[in-house]
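Peer 1: what shape does this take:
(chains A and B)
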Amino acid sequence: AQKVTQAQTEISVVEKEDVTLDCVYETRDTTYYLFWYKQPPSGELVFLIRRNSFDEQNEISGRYSWNFQKSTSSFNFTITASQVVDSAVYFCALSEDAGGTSYGKLTFGQGTILTVHP
Amino acid sequence: DAGVTQSPTHLIKTRGQQVTLRCSPKSGHDTVSWYQQALGQGPQFIFQYYEEEERQRGNFPDRFSGHQFPNYSSELNVNALLLGDSALYLCASSSDGTGGYYEQYFGPGTRLTVT
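Peer 2: From the prediction side, this is the model:
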């Protein structure tokens, strides 16, 4: 069965520090998708990024970057020069293809609470 | 273009009661999934509706049921409420994606408190 583990429960940093959120996943499927979502206090899940299992190219988007490594089943997320507005709960999630029968069902990690202090 | 909407925003119920939560999917989407997010936890998949049928289901008891209407909107019903049902209930909509991928768009959620 699929599983997502976010070992960091809470992270606290001072503004302008870089911060990396860790995510480790388990799946038997060879085709799957990995996501990072942000959940601010309002509660709505905000999509940040999606990665396909066959695309290990890492990406930088503004202050955000992602490091996907299939060899270690990890999909880590880094915020560079953090800001107070980055304070939120961040979730890593996995969606298996399951031969086309998963229909996008998401398995989430427990979440990491990020607090950025001014 | 309206995103996913959910109603009500907040709800307080008593143990043993029944509750109905509602969700309208993003325009153009035909699939609705429901997730339960207990305090301090990640969302857990409840079930998914497509073409007015439950297509797949997570590990939730039969007290949790749903419905999808011809306009693709959906309801989540929970019977015989327990204190442990207190959670944020999130609705996500999607449609068939290229290469089998279904991008989920989430609503703001309904906060259910059971007393």
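
Peer 1: host element of the spatially closest residue to B:Thr113 that is not a sequence neighbour?
Peer 2: Take B:Thr113 and drop its neighbours on the chain: the residue closest to it by C-beta to C-beta, 6 or more residues apart in numbering or on different chains is B:Ile12, 4.8 Å away. (Glycine included, C-beta is placed from N, CA and C.) Per DSSP states H and E, B:Ile12 falls inside strand B:10-13.

Peer 1: please point out which parts of that strand sit buried.
Peer 2: B:Lys13 (16 or more other C-beta atoms under 10 Å in any protein chain shown).

Peer 1: list the contacts of that strand.
Peer 2: B:19, B:21, B:81, B:110-115 (C-beta atoms under 8 Å, 6 or more residues apart in numbering or on different chains).

Peer 1: centre of the chain to that strand, how far?
Peer 2: 15 Å (C-alpha atoms, centre = their mean, to the nearest Å).

Peer 1: any idea whether whatever residue of chain A ends up closest to chain B is helix, strand or coil?
Peer 2: The minimum distance from chain A to chain B, using C-beta to the nearest C-beta, falls at A:Gly104 (2.8 Å). Following DSSP: H, G, I helix; E, B strand; the rest coil, the label given to A:Gly104 is coil.

Peer 1: tell me the secondary structure of the closest residue to it other than its chain neighbours, please.
Peer 2: Leaving out its chain neighbours, the residue that sits closest to A:Gly104 by C-beta to C-beta, 6+ apart is B:Tyr102, at 2.8 Å. Three-state call for B:Tyr102 (three-state DSSP): coil.

Peer 1: list the buried residues of the helix or strand bottoming out on mean pLDDT in chain A.
Peer 2: Sorting the helices and strands of chain A by mean pLDDT, DSSP states H and E puts strand A:59-61 at the bottom, at a mean of 78. By neighbour count on 16+ other C-beta under 10 Å, the buried set for strand A:59-61 is empty.

Peer 1: C-alpha coordinates for the very next helix or strand once past it, PDB please?
Peer 2: On the C-terminal side of strand A:59-61, the nearest following helix or strand under DSSP H and E is strand A:64-69. Extracted in PDB, the C-alpha atoms of strand A:64-69 (Å, rounded to 0.1, in the frame of the first residue of the first chain):
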ATOM      1  CA  TYR A  64      10.800  27.300  -4.300                       C
ATOM      2  CA  SER A  65      12.800  24.300  -5.400                       C
ATOM      3  CA  TRP A  66      12.200  20.600  -5.400                       C
ATOM      4  CA  ASN A  67      14.500  17.600  -5.200                       C
ATOM      5  CA  PHE A  68      13.000  14.300  -6.400                       C
ATOM      6  CA  GLN A  69      15.200  11.200  -6.000                       C
END
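
Peer 1: can strand A:64-69 be said to contact chain B?
Peer 2: No: Strand A:64-69 stays clear of chain B (C-beta under 8 Å from any C-beta of the partner chain), getting no nearer than 15.9 Å.

Peer 1: now what about the next helix or strand along the chain from that strand, what contacts it?
Peer 2: Next along the chain after strand A:64-69, taking DSSP H and E as the criterion, comes strand A:74-79. With contacts defined as C-beta under 8 Å, 6+ apart, strand A:74-79 is touched by A:18-25, A:34, A:36, A:48-49, A:51, A:63-69, A:86, A:90, A:92, A:114.

Peer 1: show me the contact partners of the helix or strand that strand A:74-79 is followed by.
Peer 2: Going down the chain from strand A:74-79, the next helix or strand is strand A:88-96, by DSSP H and E. Contacting residues not belonging to strand A:88-96 are listed as A:2-4, A:6, A:21, A:23, A:25, A:27, A:29, A:31-41, A:45, A:75, A:77, A:102, A:104-109, A:111-114, B:42-43, B:101-102 [C-beta under 8 Å, 6+ apart].
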